[in-house]
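Peer 1: My questions concern the predicted model and sequence given below.
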Amino acid sequence: MKAVARYVRIPPRKARLAVDLVRGKSTDEALTLLAQLPNKSARVVSKVIESAVANAVHNFNLDPRWLYVERAFVDEGPRWKRILPKDRGRAFRILKRTSHITVILGLKQPRTQASRRPASQEEAN
């Protein structure tokens, strides 16, 4: 129940803003929240969450209603190094940063009938 997007052309610092919002939330709530954000990172993170949900449903036959974002983190990928020519023969380096976005889903346990019974009924049985 894991999905990873690697070499995404977003700086990790910006991607972490979207990831921090959805950590610990249910997948439906997380996707709704990310749909309201105008950032490119929100679109990428929502695609990773959708992929993780599809993995859970296809590989483990889980009900998507019981899934939530257990862990989500962003690691730094390789940097693209570019040169910007400046006046008098100087050159400035430009670093174009990339990210690896990882989302791990957890399964919320549905409530059973036994957990909702009052303590007095459990003692009587």
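Peer 2: Nice, thanks for sending it over. Please read these numbers as outputs of a predicted model, since none were measured by experiment.
Peer 1: Give me the longest helix you can find in the chain.
Peer 2: Longest helix of the chain, by residue count under DSSP state H: helix 40-60.
Peer 1: Could I get the buried residue list for it?
Peer 2: 41-42, 44-49, 52-53, 55-56 (16 or more other Cβ atoms under 10 Å). Yep, even glycine has a C-beta here, placed from its N, CA and C like the rest.
Peer 1: Next one: L62 from L107, what distance?
Peer 2: 6 Å (Cβ to Cβ, to the nearest Å).
Peer 1: joint contacts of these two?
Peer 2: Listed contacts common to L62 and L107 are M1; contacts here mean Cβ atoms under 8 Å, 6 or more residues apart in numbering.
Peer 1: returning to that earlier point: the following helix or strand past the longest helix of the chain vs helix 40-60, what angle?
Peer 2: Sequence order places strand 67-76 as the next helix or strand after helix 40-60, per DSSP states H and E. Strand 67-76 runs at 130 degrees relative to helix 40-60, counting by axes from the mean of the first three to the mean of the last three Cα atoms, to 10 degrees.
Peer 1: F92 - nearest residue in space that isn't next to it in sequence?
Peer 2: L84 (4.6 Å; Cβ to Cβ, 6 or more residues apart in numbering).
Peer 1: With adjacent residues omitted, what lies nearest to L105?
Peer 2: M1 (4.2 Å).
Peer 1: Can you tell me the closest non-neighbouring residue to F60?
Peer 2: Per Cβ to Cβ, 6+ apart, closest to F60 is M1, 6.7 Å.
Peer 1: does the one you found really touch I104, like I thought?
Peer 2: Yes - between M1 and I104 there is a contact at 6.6 Å, judged by Cβ atoms under 8 Å.
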